[in-house]
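1. how would this look folded up:
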Amino acid sequence: MKCEHCDIILMDDENVVTNYLIHKRICHKDELPDEEKMFGEYKKKMIRQKEEYVKFIKKIGDSDLIFNAKERDVYNDN
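-> Below is the predicted model:
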């Protein structure tokens, strides 16, 4: 598959579409439409937030277990 912006030719295999999109984002970022730029920034933000959430959960423990225990205690008091 040949890049539409440059002369690079990507090998046709099962990952050709993924490789092309990665190449396009890395080498031709200025030529991307605004929608793709916004999606890329949104994706980076979501990945960063997920990583922060995982670190937070590892630090404090599983909040669902704490919440469920408190809820169980409320129902047992009645």
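
2. where does the protein dip in pLDDT?
-> For the chain, residues meeting the criterion pLDDT under 70 lie at 62-78.

3. ok, which stretches of it are helices?
-> Counting by DSSP state H, the chain has helices at residues 16-27, 34-60, 63-77.

4. Okay, the residue nearest to the spatial centre of the chain and residue 5: tell me how far apart.
-> For the chain, residue 47 is the residue whose C-alpha lies nearest the centre (Cα atoms, centre = their mean; 3.9 Å). Applying Cβ to Cβ, to the nearest Å, the value for residue 47 to residue 5 is 25 Å. For every residue, glycine as well, the C-beta is placed using N, CA and C.

5. again with residue 17
-> Counting by Cβ to Cβ - residue 17 and residue 5 are separated by 16 Å.

6. circling back to that earlier point, could you dump the helices of the chain into TSV with distance to residue 9 added?
-> Shown next, in TSV, are the helices of the chain (distance: least, Cβ to Cβ, whole Å):
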stretch	distance to residue 9
helix 16-27	11
helix 34-60	22
helix 63-77	50
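
7. Out of those, which is the most enclosed?
-> A comparison of the helices of the chain by mean neighbour count, using mean count of other Cβ atoms under 10 Å, puts helix 16-27 on top with a mean of 13.

8. can you list the residues that contact that one?
-> The contact list for helix 16-27 (Cβ atoms under 8 Å, 6 or more residues apart in numbering) reads 1, 3, 5, 6, 8, 10, 11, 32, 40.

9. please redo it, this time with the cut-off set to 6 Å
-> With contact meaning Cβ atoms under 6 Å, 6 or more residues apart in numbering, helix 16-27 is reached by 1, 10.
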